[in-house]
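Asks: pasted the sequence and its predicted model underneath.
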Amino acid sequence: MHVARAPGVNAYAPAVDEPISDSARFDDLLAGLAAEVAAADAAALDADIAEVERAARAESHVLDRLRAQRQAALEIAGGPQVSGLVALVGRDVVVLVAGDGDWAIPLWGIAAVVSPGDQAVAAGSVSERLGLASIARSWARQRSVVRILRVGAGPLDGTIDAVGADHLELAEHDPGEPRHPGAVRRQVLVPLGAVSAIRRR
């Protein structure tokens, strides 16, 4: 049987205004809902991660932040800025190896940390629980010539003779010579709380 066609019309082409099936509408609805849920989940995850990071930052301490760094630049209260390798971060002190010597800087002597890293690491090893007094005792045993920077006072040069629970005793002498009785100008007792930094060459 011959089917008559209007001139110029393709009988096999779908009609332009053919209605979308219920199945296609349902698939589109599901795809839209899935996209919305995925976007909401991603936003919620980002918010959770940001909240965890904020909580971790709120719990971090200055020395924990320094413990996570290999290099550090510190402004010393009433003193210079010191940059160097982080050799040790203890309970209340950071030790930097700088070009002009080794620096022991207590927490209360840190006026600012320049360009700090984002990470933080809590103390774990025994050495990381050492304090300024422990570093001062070590340098006293080695008879190191040191310069002591003090909060609100001038620097002192000499050799640490002894370290107490909250103070150190310094034999003051010229930094260019070793400690011997003829070189010592005076003996001074310095509270550790007055020390903003100790440098040894």
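Replies: Structure's in. What do you need? Predicted, not measured: the structure shown is a model, and the values here were computed from it. Residues are numbered from 1 along each chain as shown.

Asks: buried residues in stretch 128-143?
Replies: Leu130, Gly131, Leu132, Ala133, Ser134, Ile135, Ala136, Arg137, Ser138, Trp139, Ala140 (16 or more other CB atoms under 10 Å). For glycine as for every other residue, the C-beta is placed from the backbone atoms N, C-alpha and C.

Asks: for Arg25, see how far away the third one is.
Replies: Spelled out, that is Leu132. 74 Å (CB to CB, to the nearest Å).

Asks: any low-confidence regions in this structure?
Replies: The model of the chain has pLDDT under 70 over residues 1-20, 45-59.

Asks: and the spatially most central residue of the chain, what does it touch?
Replies: When CA atoms, centre = their mean is applied to the chain, the residue found nearest the centroid is Arg65 (2.5 Å). Contact analysis of Arg65 by CB atoms under 8 Å, 6 or more residues apart in numbering lists Val113, Pro116, Gly117, Gln119, Ala120.

Asks: packing partners of the helix or strand where Ala162 lies?
Replies: Element membership of Ala162 [criterion: DSSP states H and E] is strand 153-163. The contact analysis (3 or more CB pairs under 8 Å, 6 or more residues apart in numbering; DSSP states H and E) places strand 153-163 against helix 132-141, strand 145-150, strand 167-172, strand 186-191.

Asks: domain ranges for the protein?
Replies: 24-59, 63-200 (automatic domain parsing).

Asks: and the ones you listed, which is most packed in?
Replies: domain 63-200 (a mean of 17; mean count of other CB atoms under 10 Å).

Asks: doesn't the residue nearest to the centre of the chain lie inside a helix?
Replies: Yes. Assigned with DSSP: H, G, I helix; E, B strand; the rest coil, Arg65 falls within a helix.

Asks: all strands for the chain, in order.
Replies: 71-76, 81-89, 93-98, 101-106, 110-114, 145-150, 153-163, 167-172, 186-191, 195-200 (DSSP state E).

Asks: with respect to Gly32, which of those strands lies nearest?
Replies: Of all these, strand 110-114 sits nearest to Gly32, with 49.4 Å by CB to CB.
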